[in-house]
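Undergrad: return atomic coordinates for the entry below.
(chains A and B, ligands or ions: 1)
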Amino acid sequence: MSHPATRPRHPRRSRGPHGARRALGLLLPTLLLAACTGTPAAPRTDAAAAATAPQLTGPLCAALPTGTDPGNPSFLAGQPVDQALRWIPTLTTFEAALRTSGVLTDLPAGTGVTVLAPSDDAFAATFSEDNWDDLMTHHTDQLRTLLKAHLISGTHPIADLTTAGTATTLDGVTVTVTRTGPTARLGDRADTVCADYQATNARIHIINAVLGPLPVTADGTGHRAH
Amino acid sequence: MRRQRPTLIAVSTLIAITLTTAAPTPANAAPPEQVNALTAHQADGYTTLAWQPVDGATDYQIERTPVDADNTPTGAPTIVGIWRPNRQINQHAPTFADSGYNPGDTFQWRVRARTGTTEQPYSDPVTATTTAPWGNPTTPGEQLRTGWETTHAAQYTSDTDEYAYTAAIDALSDRVRVVELGRTVQNRPINMMVIGHPTPAATPEAVAATSPVAINCNVHGNEPGDREACLIMARQLAFSTDPRITDLLSHTTVLIVPTINGDGRANNTRGNSTGQDLNRDYSLIRQPETTAYITMVRDYRPVAGYDGHEFGNSRAGDLPMLPPRHQNVAQPIFDQSQDMIEGHMYAKGAEAGWWACPYGCEGGGNVGLSEETILRNTLGLKNVTNSLLELRSSGGQTRPDEGNTANNRRRKTYSALWTFHQFLDYHRADRADILKARSEAIETQAANTGRLVFRGSRPIPAHPAPHPGDSPPPLDAPPADLILDNAPCAYKLTDAQYNGARTDGPGGVGTTVAQRIAAHGWNVITIGDEHYVPLNQPERGLIPLLLDAKGVEKLTDGERVYPTLTGRRNGPLTVTGFTCADDATINGPVTVRAGAALVTTATTISGPLTATGAAGILLADSTVNGPVRIATTTDAISIIDATIAGPVDLSGNTTGTDAPVLAGTTIRGPLRCTGNNPAPHNLGIANTVHGPRTTQCAAL
Ligand SMILES: [Zn+2]
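TA: Numbers count the residues shown, from 1 in each chain, chains lettered A, B, ... in the order given. Below you'll find the model as predicted:
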């Protein structure tokens, strides 16, 4: 599927709604500094958790539950994927859509799944609120197709996906997966911002743009009036 | 299956403020560009940093470092804020509310000035342990926590967690009663916590008599930050022994509706399960969620309100606020709401370090307009002093925008918690002014004078510099074709319009116009098969928006009915049918026949006014130089801002769901009310009665 010409190449820098702009000049360097330490600054990290912790990579990881926080990656590794998704704060849009549409529960039992999970910022940069509500409440088939563009059969660490170079999502589309420095780029559109969450029989890679065929409807001017 | 919070919590002290001061400045030390006298005050979920300003500083950077019990850093220092002059109104005493951390953790803060882009030396550090989530973990009731708190803001409190939490508060606190206002389209309960001290008043009418305040916490399902603040505040109100809290609750009733849009919250959508934006439905009330809220407003009559949202514009401040701007809102309500925002919130925000600002603030876009379908405007049209509240996590690019992470959620929720507490303080301190504004507004509305505007806002002038918003919201003046200079006396609806089936609700089934008018609480007079909605009522500004052909989002095209009686008229008058008198002087006795109706504004009747079996009697801004005797009326009685020689006798009137209104009226003789069902009430606006008041009107 080709991309609509209007799709922002770097949604996290766009002026999309709902606080999509994380790049805030002066504030950014320190945030990235904290994020790039590799051993996220986490009070109360205990050794046991660290020893078994999944090795997450990406600039967003440090802002997500770490160490022994509720919802930390080690805890999620023992959770069913639908529960694990509920614990990752920046996935509220995607998680609710998966839950509402029933796409996850339709997967054959026992098969692994890899979830390319767009962040809330990614959804806000892609869909206007009216468009998103319309999809959620009136267009379940379109919604399910959109969500399947973010699921891959089998549990694939991000390194395996970049090694393979391509991946076929459940909507039947093959996307390229290339390594770009410390992160991976999917479909020439989305970058991983925190990759390699584990859940029972699942991998979760958080990405910063929405995949799939639907056009961009966010107007980039900020936010619907209250 | 929530993990328990680590039990690091020191015993919490309620709203306690811990003050930590910097180490004393060495005698010969700091260069003038270095920030001095940095202090850190702890409050619920945030820390107010304050310091002495530095001459010539362009702005200041606030740095926070997590430390352990030995003050050893456990993470990287991070710039968590930038103080800019437009953040507050009194810039000689800069403050910054730092939030976005796990409450209870310990931090070190430093602040430095920048001159242009040149960074000056940091202040001496201040170290403090932040305030843990409110409530002693071993005290029953206080120990309750929301799902959001126990998950360290990784998850929002779920619907079922909310019901369990509010039920537990209800069970453990005499101050709280949870009532179900209605159900969502998908049958989720819409609950309201009714909170008073020592116990909340027993009935809606009794609560109304306490001049309650109402907080609508979550209308847009994807904006849940205010809801979490509401749930935390409910626990504080229910269990706190702080004299401030018990004093607040002894003087009013706090109405908290955590989740009007439970279906949208569950699906993280803005609208409800039909896709309807509920904040475009409060006047039309097509949906059960908005109907529940509007019916609550009718029954509990809050005098002040807040409506909670979140906002995405990165150039806005921390807490954009906006009053009811629709030009049909009575001036005193607009003024009082502006006083609450600019007089109180801006001033208190400058003390606490939160940046309250006008909606839009900077380059805010086309927001904050005059749709009467928005709760802010609907409440204003119902004479409720109120404001919109938006939560911004990255306030005007002066905080890091960390997306929808726990820390950003905390910034939003704890700034909302601050706002709602300030709202209660404002009501406590300014209650007399709020009630005066409400009385004046109701009397102004009922007088039915002045033009009607179908869309169009009052201007929000920029706050005088130093100001917290560089650009106020757009002017949004009414276009000429949406102004009606000559207001009618009433709207007449056919029976098909009034009782006909409608398709504008969920699943193509709507409630009738009659049901919606009843939910708004308007008086209706039926004569034959025609239904009249007079404008000399407290919600005069809202009625035409729903019933006039010019209405932008209307229910039906009612027929405008203009006064039939104006000027001087001598001799006895017998009223048949629907008679509307405006600016009239009637010299002689007036008799309203059975089944007829009399509606007056700016009218003087010299002689007795007698009505037996009338359909309706609505007098506003009028004088009766003689006795008034109204018996066995069938539809509606309303006497607002009238002067009557008396005696006044209301007896045997059976007006259905519309209780007779007697408000703001002076009666020079006795007032007798017997056998009326329902009993008359005064809308909270006292009457002056020189003679004795008996039976049903003893307390009016
Ligand atoms: Zn909103």
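Undergrad: residues contacting the residue nearest to the spatial centre of chain B?
TA: For chain B, B:Gly305 is the residue whose C-alpha lies nearest the centre (Cα atoms, centre = their mean; 1.6 Å). When contacts are counted by Cβ atoms under 8 Å, 6 or more residues apart in numbering or on different chains, B:Gly305 touches B:213-216, B:375, B:379, B:384-387. C-beta here means a position set from N, CA and C on the backbone, and glycine is covered the same way.
Undergrad: so A:Asp130 versus B:Arg668, what's the distance?
TA: Separation of A:Asp130 from B:Arg668 (Cβ to Cβ, to the nearest Å): 58 Å.
Undergrad: what of B:Tyr306?
TA: 41 Å.
Undergrad: among these two, which residue is more densely surrounded?
TA: B:Tyr306 (26 against 15; other Cβ atoms under 10 Å in any protein chain shown).
Undergrad: look at that one and tell me its secondary structure.
TA: strand (DSSP: H, G, I helix; E, B strand; the rest coil).
Undergrad: give me the pLDDT for it.
TA: Looking at B:Tyr306, its pLDDT is 98.
Undergrad: surely it is in contact with B:Thr419?
TA: Yes. If you go by Cβ atoms under 8 Å, B:Tyr306 and B:Thr419 touch, sitting 7.1 Å apart.
Undergrad: now the common contact residues for the two.
TA: B:Leu389.
Undergrad: restricted to helices, list the contacts of B:Gly305.
TA: Residues of those located in helices (DSSP state H): B:375, B:379.
Undergrad: including neighbour count, pLDDT and distance to B:Gln276, could the contacts of B:Gly305 go into CSV?
TA: Formatted as CSV, the contacts of B:Gly305 follow (neighbours: other Cβ atoms under 10 Å in any protein chain shown; pLDDT from 0 to 100; distance: Cβ to Cβ, whole Å):
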residue, neighbour count, pLDDT, distance to B:Gln276
B:Val213, 28, 98, 27
B:Ala214, 24, 98, 22
B:Ile215, 30, 98, 22
B:Asn216, 33, 98, 16
B:Leu375, 30, 98, 14
B:Leu379, 29, 98, 19
B:Val384, 27, 98, 23
B:Thr385, 31, 98, 27
B:Asn386, 33, 98, 22
B:Ser387, 25, 98, 23
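Undergrad: of the contacts of B:Gly305, closest to chain A?
TA: B:Leu375 (9.0 Å; Cβ to the nearest Cβ).
Undergrad: pretty sure the closest one sits against B:Asn216.
TA: Yes. With contact defined as Cβ under 8 Å, B:Leu375 counts as touching B:Asn216 (6.2 Å).
Undergrad: give the intersection of the neighbour lists for the two.
TA: B:293, B:305, B:307.
Undergrad: of the residues you listed, closest to the ion?
TA: Proximity of those to the ion was ranked by Cβ to the ion; the top entry is B:Asp307 with 8.5 Å.
Undergrad: ok, that closest one - contacts?
TA: B:Asp307 sits in contact with A:226, B:216, B:219, B:279, B:375-376, B:379, B:386-389, where contact means Cβ under 8 Å, 6+ apart.
Undergrad: do B:Asn222 as well
TA: Contacts of B:Asn222 by Cβ under 8 Å, 6+ apart are A:92-93, A:129, B:264, B:268-270.
Undergrad: what about the residue of chain B found nearest chain A, which SS state?
TA: Here chain B gets closest to chain A at one residue, B:Gly75, 2.6 Å apart by Cβ to the nearest Cβ. State at B:Gly75, reduced to three classes by three-state DSSP: coil.
Undergrad: I'd guessed it sits against B:Asp68; true?
TA: No. The pair B:Gly75 / B:Asp68 is not scored as a contact, 10.1 Å apart, by Cβ under 8 Å.
Undergrad: compare the two (neighbour count), which wins?
TA: Each of B:Gly75 and B:Asp68 has its neighbours counted (other Cβ under 10 Å); B:Gly75 has more, 17 against 12.
Undergrad: pLDDT value on B:Asp470, please?
TA: B:Asp470 is given a pLDDT of 66.
Undergrad: how about the residues of the stretch 251-400 of chain B by chain A?
TA: Within the stretch 251-400 of chain B, the positions adjacent to chain A are B:266-271, B:273-275, B:277, B:279, B:307, B:309-314, B:322, B:359, B:365-369, B:374, B:376, B:388, B:390, B:392-394, B:397, B:399-400 by Cβ under 8 Å from any Cβ of the partner chain.
Undergrad: packing partners of the biggest strand by length in chain A?
TA: Secondary structure of chain A per DSSP state E: the longest strand is strand A:190-199. Under the contact criterion of 3 or more Cβ pairs under 8 Å, 6 or more residues apart in numbering or on different chains; DSSP states H and E, strand A:190-199 touches helix A:73-76, helix A:81-87, helix A:158-164, strand A:183-186, strand A:202-207.
Undergrad: what's the most buried one of those?
TA: The highest average neighbour count among these, using mean count of other Cβ atoms under 10 Å in any protein chain shown, belongs to strand A:202-207 at a mean of 26.
Undergrad: what's in contact with it?
TA: A:58, A:60, A:81, A:84-85, A:88, A:90-91, A:112-119, A:122, A:155-158, A:184, A:186, A:190-198.
Undergrad: and that strand, which strands flank it?
TA: Sheet pairing for strand A:202-207, assigned by DSSP bridges, gives strand A:113-118 (parallel), strand A:190-199 (antiparallel).
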